[in-house]
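Engineer: Let's see this in three dimensions:
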Amino acid sequence: MAAYAALVSLTTTMDHIQNHPLFSISFDKIQMESLGEKIRFLLDFIEADYSHGVTITSKQVEILESQIAAAAYAAEDVIESHVVDRIHATKDSKRNSMPLGSTESDPLHQIHGGSVSSVDLQTVIEEIDSIKNKVMEFKDEIGSKDDRYMQQQQPTCSMVTTTSTPPGKNTMVGFDEQLLRLLDKLTGQQSNRQVIPIVGMGGIGKTTLAKNAYEHSVTMHRFDIRTWVTVSQKYNVRELFVQLHSRLVSTEINGEIDEQLLGQKLHKILWGRRYLIVIDDIWSIEAWEEVCRFFPDNNNGSRIVVTTRISNVATHFDSACFELTFLDEDKSWKLFCEKAFGQVGCPSELEDIGKEIVKKCKGLPLSISVIGGLLGRSNRTHKYWKNIAKDLTSILNSGEDENCLSILSLSYTYLPVYLKPCFLYMAIFPEDHDIRVSRLIKLWVAEGFIKPNESQSLEEIARGYINDLIDRNLILKQHLGSNRKIQFCEIHDLLRDLCLKIVHKDKFMCMMEENPGGVESERRIVCNRKGVCCRTLQLAPLTRTLVTSTDGRLSNNRLLRVMSFNDKAKKKYLLRHIVDQVNMRYLAYNEFNNSPSSVKLPTSIDVLWNLQTIIIGREIEAPSQIWEMRQLMHVDIRTLYLPDPPQNQNQDEFILQNLQKLANVTNFVWSEEACKRVVNVRKLHIEYDNDSKSSNDYSVHNISRLRKLESLTFFPYGLPNLLQKLTFPSSLKKLHLDCCNVRWEDLSVIGSLPYLEVLNLNMCWVEGEMWYPVEGEFLRLKFLSILCFDIVYWNADCSHFPVLEKLELIGMDKLEEIPLDIGEIPTLELVKLYGCTESAAISAMKIAVEQENNGNDILRVQVDFDTKEQLESFKKKVEQLATSFTGNNFQANAYF
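Structural biologist: The predicted structure follows:
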């Protein structure tokens, strides 16, 4: 909702200005208090959500919301323009103050015509006051006692939980028979490579069926290689090969390799091996023909599953296809109940009205899931559900949209107002894009969508919003990080189509496909196509957000706050023009630049007074002025050379209180003074390269002063003994050590960290061959990953890692075996080996055998070898053991 987003954004902007000490920015205190009071009143009105009710009332609310959004935008334009002018004036040392200018009769016309600086703030306040009076008249008209129009879902305050339902396969109801048939096809005796098409309309459950088969234990045990690629309507052949390659091997793809060579590499990986590939959401036969020649027929039972909405594509494969149809009433009701109530079941008083609502979904699983998510999070009263049924009947009878999109639009209508702009923002990502949750959260915060509360940080609130949208089935969780938090999510094509339709209707965002004009008044512009003319973007002086693949100097976009380029950072921009957009909050160049030369940022970098996030994929030297950028929250630069903080300053004035992430800081001393400046940092990545000095020149023991630090990556490849100088803060939850000399006593210190949940030991060296963990250590460790450790003997049992969930051993080419008792850890879900010794692999299999015999159906064991020869040797040894073992919880693969 544009009005809510505009009001919260304006409130955030006013708070930032009033709390910022630099540049002598000042506004009339009485004016700002008056504006703040009116904004709070309008925000209360929007949060009450009067938009549900009779048609006339809904239209009135729509008009009021449009007027509120325009007025809030106008106020923000006036305030931020004044700030920008002040900063430029200070930077250029041309004048000491800048008046707000004269009054014009039509402030909104003047502002959206580009003449922002000539508008008086008082005039905008009067316009907002006029709208406030209209709102009061409207509230008097409908009467405060009529609760038909009030939001009956959970309260619309920003206090939200940060937990979500546990991860797992997508709920599949009604397709059990198809799943069994598909598994039979996948594991059948036919030795030739087979293509198995699944066809059906959008939202019918094609991907869900394919995913359940793909993740089934029978399938995992059957195939040497499994991988998944999503094609989409607009596809790029090279990107498809990159997707397939990156999911099969861990090596990075050189950006210069063409699609033909990538296809040949893929063919080489697949040759001679039994593989399963899922090609999801393919729209044309041409897309298939571009890639199919690189999928060899090894005559060993390889399979390719293809999902498509297009019948002609499905019949092209000359294979019996799985044609998914609508669910019947019983299966529809079962799916709805699972989505709305989980294992609890539907209350008897809601069953009749619930079935009436489900019937209107006409058996389409996506519609049922979304409606189930809506009602499961709503007030469970017959009256409220009756209103939902009434609204659903109304939109289905309107005949304006396709049936599915109409039903999905109801889920948006009944969203709490604070979730609406966040949901619509999903449209900035391309179709079928894996969305990094941390990036999405940073963008929401930079946009000003998140209303603060006293007990949570903005990012904690935003993560709660992510979980809420997932619980409502409006976005899907994809991958979890080692800390079990959702790392990637995605949005269904049809729900993205809904977002696109609403953002266009509400003018919330402009999606540029070619080089259209008419962007002058657009506040958010998204263009995911390369080559769009930069001149077009220059014509949007009020734009706040630019997400594009086109890099360039946008000097006329003076109020930009979000710039996200799917491109490499140019040296010229970083040297000269990074300080042009002084209103910036989020700046990201999302591609790595492999240039060996570093770039020195200008000393005027601190004019970016409100910068929160900076992401640059190249080597950067920062000036000392970076220590004066109080709003910084996330600094993620490929290699960052950071100077010591300047001395003789008012310390309290220059503490970076908001800084949460500082990544890839290289050769930094870490003085006591520096630690005081970043006292609230939560995530830290530090490196020491071959140009570093001696260990005695660095004060990494001061890291212990960072008492809120939760995640530390330590990479001293130039000084491998520096670990012994490091002192860990007790607050650590996640530790990644890379290229360190590790002593056994170091591991004991690490094991004593009281909150440690994730430990990665990567390319580390130890003194001695035997590891004897001590009981009472690693009490909270859930994830342990060890790469290329020189351990030969590991003497451990279930008491040493009592809550471990995932064990990952990589390149352990000396390890004799995994302790059998590790399998007795009750929380253990996965043991994964790659490139380890054959004896270690056999010990892992023995753990799987023992746990299966003990009735443990949670633990999975996966062993990956470098070559097919190693895999065959392993299988022969297993046959000699003659164990009684189904292998449903065990999988062995070879990569080459």
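
Engineer: Trp466 contacts Ile475, doesn't it?
Structural biologist: Slight slip there: residue 466 is Ile, not Trp. Yes - the pair Ile466 / Ile475 is scored as a contact, 7.5 Å apart, by CB atoms under 8 Å. Glycine gets a C-beta too; all of them are placed from N, C-alpha and C.

Engineer: Just read off the phi/psi values of Glu351.
Structural biologist: Note on Glu351: its backbone torsions stand at phi -60, psi -50 [degrees, to the nearest 10].

Engineer: With Gln343 as the reference, measure out to it.
Structural biologist: 17 Å (CB to CB, to the nearest Å).

Engineer: Between those two, tell me which one has more neighbours.
Structural biologist: Glu351 (13 against 6; other CB atoms under 10 Å).

Engineer: Distance check, that one against Ala340.
Structural biologist: 11 Å.

Engineer: Then His82?
Structural biologist: 50 Å.

Engineer: So between those two, which is more surrounded?
Structural biologist: Ala340 (25 against 22).

Engineer: quick one: what helix or strand has Trp228 in it?
Structural biologist: Using DSSP states H and E, Trp228 sits in strand 225-230.

Engineer: Flag every buried residue along the next helix or strand after that strand.
Structural biologist: Remark: after strand 225-230, the chain's next helix or strand is helix 237-248, criterion DSSP H and E. Within helix 237-248, the residues that count as buried by 16 or more other CB atoms under 10 Å are Val237, Arg238, Leu240, Phe241, Val242, Gln243, Leu244, His245, Leu248.

Engineer: between those residues, which is nearest Ile435?
Structural biologist: Gln243 (15.1 Å; CB to CB).

Engineer: Write down the beta-bridge partners of the residue nearest to that closest one when sequence neighbours are not counted, one by one.
Structural biologist: Sequence neighbours aside, Val229 is the residue nearest to Gln243 in space, at 4.7 Å (criterion: CB to CB, 6 or more residues apart in numbering). Under DSSP bridges, the beta-bridge partners of Val229 are Ile279.

Engineer: could I get the strand holding Trp228 in PDB with only the CA atoms?
Structural biologist: Extracted in PDB, the C-alpha atoms of strand 225-230 (Å, rounded to 0.1, in the frame of the first residue of the first chain):
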ATOM      1  CA  ILE A 225      23.800 -36.800  -9.600                       C
ATOM      2  CA  ARG A 226      20.700 -34.800  -9.000                       C
ATOM      3  CA  THR A 227      20.300 -31.200 -10.000                       C
ATOM      4  CA  TRP A 228      17.500 -28.600 -10.700                       C
ATOM      5  CA  VAL A 229      17.200 -25.700 -13.000                       C
ATOM      6  CA  THR A 230      14.400 -23.200 -13.500                       C
END
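
Engineer: any residues touching that strand, and which ones?
Structural biologist: 214, 219-220, 240, 243-244, 247-248, 269-270, 273-281, 432, 893, 895 (CB atoms under 8 Å, 6 or more residues apart in numbering).

Engineer: what is the mean pLDDT for it?
Structural biologist: Strand 225-230 shows a mean pLDDT of 88.

Engineer: before we move on, what about stretch 426-445?
Structural biologist: Rounded mean pLDDT across stretch 426-445 is 92.

Engineer: If we go by neighbour counts, what in that stretch is buried?
Structural biologist: Of all the residues in stretch 426-445, those buried under the rule 16+ other CB under 10 Å are 426-429, 431-433, 435-445.

Engineer: Equivalent analysis for stretch 667-674, please.
Structural biologist: Asn667, Phe668, Trp670, Ala674.

Engineer: for that stretch, how far is the first residue from the last?
Structural biologist: End-to-end distance for stretch 667-674: 13 Å, by CA to CA, to the nearest Å.

Engineer: Could I get the contacting residues of Val792?
Structural biologist: By CB under 8 Å, 6+ apart, the neighbours of Val792 are Glu769, Met770, Lys814, Leu815, Glu816.
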